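Enquirer: What shape does this take:
(one chain, ligands or ions: 2)
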Amino acid sequence: MTAGVRVRVPASTANLGAGFDALGLALGLHDVIEVRRAPSGLAVTVTGEGADDVPRDESNLVVRALRAACDRLGFDPGGLAMTCANVIPHARGLGSSAAAIVGGIAAAHGLAGKPLDDDALHLAAEFEGHADNVAASLLGGLVVAWCEPGPRFRAARVEPHPDLRPVAIVPSEESATHVTRGLLPAVVPHADAAFAAGRAALAVHALAARPDLLLPATADTLHQDYREKAWPRTLRVVRELRALGVAAAVSGAGPTVLAFTTDGRVPAGVDLTGFTATPLSVDRAGVRVDPLD
Ligand SMILES: Nc1ncnc2c1ncn2[C@@H]1O[C@H](COP(=O)(O)OP(=O)(O)O)[C@@H](O)[C@H]1O
Ligand SMILES: N[C@@H](CCOP(=O)(O)O)C(=O)O
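Expert: Ligands and ions are numbered 1, 2, ... in the order given. Alright, predicted model coming up:
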């Protein structure tokens with residue numbers, strides 16, 4: 001048991017085209033959470049993203065995930081003083097909720113002196129409802145996530161190609177993931193499912209070994225068009241970039257556009273008014289937990 005922990009947890013982009021709920025990539029954009037043991041009670045301080053919105057009590061997502069992980073570990077942390085320095089934009093499709101959940105679970109494991117394990121991934125995915133973002137934040141790099149009967153969430157990490165330079169093109173407006181999941185149909189045509197299976201498999205190969213195949217690899221038939229009415233400008237940017245040969249896709253549930261490049265550039269000629277384009281690195285390490293004095 002330690003006096004406190006510092007957790008650094010990466011953002012993520014999910015789906016990567018047609019890999020709906022299955023593929024994720026960790027990004028070099030990190031929230032930092034510090035949790036110290038205290039005699040009693042709960043004190044939460046939040047700076048940066050969500051500072052005006054997120055709750056400071058037991059309903060805070062980081063705290064809820066931390067408590068759930070402590071329960072699973074049979075560990076009573078006592079009182080807690082937590083500070084969250086948030087950088088990942090909220091409700092933009094860059095996995096802020098997944099990072100909050102993984103951050104809370106990682107803090108619990110750090111305080112209890114237990115390594116992160118497969119149960120931590122399953123718990124995080126249960127919280128989030130799907131494993132693609134949480135697996136990326138937990139493991140780093142490129143992840144393939146799936147769910148076994150039980151249900152039991154699992155994921156495998158794949159080393160991304162060293163030349164990958166993602167660019168996040170982030171609009172100012174927000175879009176809640178649960179809202180745009182509600183726009184998805186219960187069934188899709190078999191031909192669309194077959195298209196998506198091929199492209200998602202190709203995406204893993206392209207992101208790991210063949211960046212020259214990223215354009216066909218990031219085409220989607222499973223979610224983007226169904227969600228268009230939530231963020232029409234996002235899909236316009238995706239289509240314009242793809243027409244210019246850039247492997248662009250909706251990041252997670254949107255509204256951010258993710259351009260999978262090898263030079264960190266997006267071409268001039270696409271109207272990005274209202275968006276901010278930020279080149280990012282790929283996070284290869286996943287969540288990091290360090291003891292505090
Ligand atoms: N660091 C955080 N601390 C507390 N709550 C958070 C944090 N990050 C995200 N959330 C919660 O998750 C919501 C965004 O989740 P979601 O709609 O899934 O979008 P995203 O694509 O950013 O994960 C926020 O509005 C907030 O309620
Ligand atoms: N597969 C999920 C991914 C959601 O990612 P987020 O970053 O938008 O939370 C989906 O498409 O709903």
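
Enquirer: Run through the bridge partners of Ala155.
Expert: Ala145 (DSSP bridges).

Enquirer: right, and it touches Ala135 too?
Expert: Yes - using Cβ atoms under 8 Å, Ala155 is in contact with Ala135, at 3.5 Å. In short, each C-beta sits where N, CA and C put it, glycine included.

Enquirer: so what sits against both of the two?
Expert: By Cβ atoms under 8 Å, 6 or more residues apart in numbering, Ala155 and Ala135 have these common neighbours: 121, 143, 145.

Enquirer: Tell me how far the second one lies from Ala26.
Expert: By that I understand Val143. Distance, Val143 to Ala26, using Cβ to Cβ, to the nearest Å: 8 Å.

Enquirer: what's around the residue in the chain that ligand 2 sits nearest to, how many residues?
Expert: The minimum distance from the chain to ligand 2, using Cβ to the nearest ligand atom, falls at Gly252 (2.6 Å). Neighbouring residues of Gly252 were enumerated by other Cβ atoms under 10 Å; the total is 29.

Enquirer: where's it, which helix or strand?
Expert: Using DSSP states H and E, Gly252 is not contained in any helix or strand.

Enquirer: Domain parsing of the protein, as residue ranges.
Expert: Per automatic domain parsing, the structural domains of the chain span 4-159, 165-279.

Enquirer: Out of those domains, which is the most enclosed?
Expert: domain 4-159 (a mean of 21; mean count of other Cβ atoms under 10 Å).

Enquirer: what's the straight distance from one end of that domain to the other?
Expert: One end of domain 4-159 sits 31 Å from the other (Cα to Cα, to the nearest Å).

Enquirer: Does that domain reach ligand 1?
Expert: Yes - Domain 4-159 lies within reach of ligand 1 by Cβ under 6 Å from any ligand atom, at 31, 50, 54, 60-62, 84, 86, 90-98, 100.

Enquirer: low-scoring pLDDT stretches of the protein, where are they?
Expert: Applying pLDDT under 70 to the chain flags residues 1.

Enquirer: which stretches of it form strands?
Expert: Assigned by DSSP state E, the strands in the chain fall at 4-14, 23-38, 42-48, 79-86, 142-148, 152-158, 165-171, 247-250, 257-261, 275-279, 288-291.

Enquirer: Determine how far the longest one lies from the middle of the whole chain.
Expert: Yep, that's strand 23-38 we're talking about. 11 Å (Cα atoms, centre = their mean, to the nearest Å).

Enquirer: next one: the last one
Expert: A distance of 20 Å separates the C-alpha centroid of strand 288-291 from that of its chain, computed with Cα atoms, centre = their mean.

Enquirer: so what strands line up beside that strand?
Expert: Pairing partners of strand 288-291, with direction, according to DSSP bridges: strand 4-14 (antiparallel).

Enquirer: The strand it pairs with to strand 23-38, inter-axis angle?
Expert: 160 degrees (axes from the mean of the first three to the mean of the last three Cα atoms, to 10 degrees).

Enquirer: Since that was my last question, I'll sign off now.
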